[in-house]
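In: Take a look and give me a structure for this.
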Amino acid sequence: MDLTVPPTNDVPALKKIEKKIAQEGKAEDKTVKANVKELTHAEKASQKAAKAVEKSEHALEKTHRREYSASKDLNKAAHKHDLTVAAIANAEKEVQVKKAEAERLQAEIAKKKDSVNHVLEDQREHNATRENKLAQVHHVRAGSITSNSSTNIANTSGALPVSQSGAAEGVTQSDQAGLAAVGAGTSGAPVMNA
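Out: This next block holds a predicted model:
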């Protein structure tokens, strides 16, 4: 825009220049105000953005702390889990050992029961045999005392005399020889009286 002041005293031209100068000043003021307003808005937005950055950084730090704490808890839980798994494995081994021991003891008990039953059966048979032998001894002694009350059960040869009743009962020579040893006390057993 041409704002050259004319050298002549041309009033309309001067008024026109004044008007243009005033308009130009207003327009520039308006532009400056708009720029200042934009700058103010930009500064406020920048401050707000800076506060948002600071807030997000704090949030990030807090998240890092939570992640670190969670990582520690996770490691602790993993360690505890590993210990528990190991304890389970040990407990399972212990159960197997105890089961094996229980089975071994059951087998041993069954074997001992068989042995005891065998021994008891042998004892029953031996008791019956002993009772039979004692009955024979008593029978022979009773017959000897009746037939010869003044003669001892054992004679000089160590054999018991065979009576008619003893022979009738089926007492053999070998039985009498064994009984004579019992009657004479050679086996260490006491002499039993009829």
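In: Only C-alpha atoms from now on, for both contacts and neighbour counts.
Out: Fine.
In: Relative to Ala78, how far out is the residue positioned nearest the centre of the chain?
Out: Centroid-nearest residue in the chain, with C-alpha atoms, centre = their mean: Ala91, separated by 2.8 Å. Note on Ala91: its distance to Ala78, by C-alpha to C-alpha, to the nearest Å, is 20 Å.
In: now do Asn127
Out: 71 Å.
In: coming back round to it: what helix or strand is the residue nearest to the centre of the chain located in?
Out: Assessed by DSSP states H and E, Ala91 sits inside helix 11-147.
In: Which strands or helices does that helix pack on?
Out: Under the contact definition 3 or more C-alpha pairs under 8 Å, 6 or more residues apart in numbering; DSSP states H and E, helix 11-147 sits against helix 164-168, helix 173-184.
In: Confidence-wise, which of those helices is weakest overall?
Out: Here the lowest mean pLDDT among these goes to helix 164-168, at a mean of 40.
In: Tyr118 and His126: what is the separation?
Out: Tyr isn't right for residue 118; it's His. Taken as C-alpha to C-alpha, the span from His118 to His126 is 12 Å.
In: Equivalent analysis for Lys62, please.
Out: For Lys62, the distance to His126 equals 93 Å [C-alpha to C-alpha].
In: Please apply the same query to Glu108.
Out: 26 Å.
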